[in-house]
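Q: what follows is a predicted structure for the sequence shown.
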Amino acid sequence: VESPLDRLLDAEELRRRLAADVRAGLARTPKAVRSRWVWDAHASELFDRIVELPSYDLPRRERAILEARSATIATDVRPETVLELGAGSTPRTSVLLDELVPAGLRRFVAMDVSEYALRGALPRLARRYPGLEVRGVVGDFERQLELVRTPGRTLVLLLGSTIGALEPAERAALLAAIAGVLESDDALLLGLDLVKPEAEIRAAYAHPGELAGGLIANLLPVVNRELGADFDPSWFQPESSWNPDEERLETVVRSLCDQVVTIPDVGRFELAAGETIRTQVSTKFRREGVERELAAAGLRLDEWWTDADGGFALALAFTRSHVRGHPKA
Ligand SMILES: C[S@@+](CC[C@H](N)C(=O)[O-])C[C@H]1O[C@@H](n2cnc3c(N)ncnc32)[C@H](O)[C@@H]1O
């Protein structure tokens, strides 16, 4: 089964945006590049393997909540369209779609920067749900959300604690952009990994072998390939650390020596031994903070469902103009 795929960026525009973000990120102190650029086909492949690890417990926790609550979501929202942001290979989406399709879902739109992930996932969903219109959008949900058309009552999905990869200001901007495309009966379903003891969080991210550093360091080969930079990944050490103030895990590549990196059209950068470039963050959430951030974006938290030991949550939010109970019969 073929599923249509829209590309919102051509290769040249993509490189221009990467160059701008790398220039801005390397000018920061400490250096930090937008997490979006880690994600290419190789990263999607690594992530699909990470999701299968028993130690990476986020997917299992999220699945348990989806299994318990999807029927309620189907009656509370009854969407015609699901728009999944950062869908990746949609590993848990069918738990929800199994309930939404019989309740009248007509269209599933998956947006991701990784075309590779969508190409693998969408034909599977199209086969599983004949009659459901399945479409992919290769694009950046932080910058291009308003370009995606979602006719009919829409449920926006952002699962896997993907929103945790954004910084607070970026999260605020994304939630505001989502609120901007939601009509009064539309809803947003967020999957959120919650604050828990540091040792437990670290254990979830202590991946074996190349999975440990592969995703963290993937920024370097992406910048080499797309911009012709001369990063030597063997001169960098991938690391992660818990930031207790921001309640997030931060991953960096640490320069193992004094070195100079040349990135054509961006510049020449001196990196001292020990200096870091941050490549990802995984923010952990608390209910009060989420409620506040949603409210700031004009959204109202309607349901907060956690797994058995409160380590992960699904948050269902509506716009402020939504009348609670609608569209229930
Ligand atoms: C942590 S994975 C989650 C994948 C899947 N939703 C899950 O729950 O297992 C994050 C996904 O978001 C995508 N992504 C990251 N930043 C993005 C952005 N700014 N726009 C679109 N997709 C993005 C990545 O390519 C990746 O597939």
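A: Nice, I can see it.
Q: counting neighbours, what do you get for residue 209?
A: When neighbours are counted by other C-beta atoms under 10 Å, residue 209 registers 8. C-beta here means a position set from N, CA and C on the backbone, and glycine is covered the same way.
Q: what of residue 274?
A: 11.
Q: just to be sure, it is in a strand?
A: No. With DSSP: H, G, I helix; E, B strand; the rest coil as the criterion, residue 274 is coil rather than part of a strand.
Q: now it: phi and psi?
A: When read as degrees, to the nearest 10, the backbone of residue 274 gives phi 90, psi -20.
Q: renumber starting at 9 from here on
A: That works, and once the first residue is 9, the last one we named lands at residue 282.
Q: which residues does it contact?
A: Residue 282 makes contact with 262-263 under the criterion C-beta atoms under 8 Å, 6 or more residues apart in numbering.
Q: any idea how far it is from the ligand?
A: 28 Å (C-beta to the nearest ligand atom, to the nearest Å).
Q: so residue 148 versus the ligand, what's the distance?
A: 4 Å.
Q: what's the neighbour count on that residue?
A: Counted with other C-beta under 10 Å, the neighbours of residue 148 add up to 21.
Q: next: residue 293.
A: 22.
Q: spell out which parts of this structure neighbour the ligand.
A: 44, 47, 52, 55, 59, 94-96, 99, 119-122, 125, 148-150, 167-168, 170 (C-beta under 6 Å from any ligand atom).
Q: among those residues, which lie within strands?
A: Judged by DSSP state E, these include 119-120 as members of strands.
Q: all helices for the stretch 59-208 of the chain, in order.
A: 66-85, 101-108, 123-136, 176-189, 206-212 (DSSP state H, counting those that start in this stretch).
Q: which of the ones you listed is buried the deepest?
A: Of all the helices of the stretch 59-208 of the chain, helix 101-108 carries the top mean neighbour count, a mean of 20, counting by mean count of other C-beta atoms under 10 Å.
Q: below-threshold pLDDT in the protein: ranges please.
A: Filtered on pLDDT under 70, the chain yields the residue ranges 9, 336-337.
Q: point me to the residue of it nearest the ligand.
A: Closest to the ligand within the chain is residue 168: 2.2 Å, counting by C-beta to the nearest ligand atom.
Q: look up phi and psi at that residue.
A: According to degrees, to the nearest 10, residue 168 has phi 70, psi 20.
Q: what residues are up against the residue nearest to it when sequence neighbours are not counted?
A: Nearest non-adjacent residue to residue 168, counting by C-beta to C-beta, 6 or more residues apart in numbering: residue 199, 5.5 Å away. Applying C-beta under 8 Å, 6+ apart to residue 199 gives the contacts 66, 70, 166-170, 320-322.
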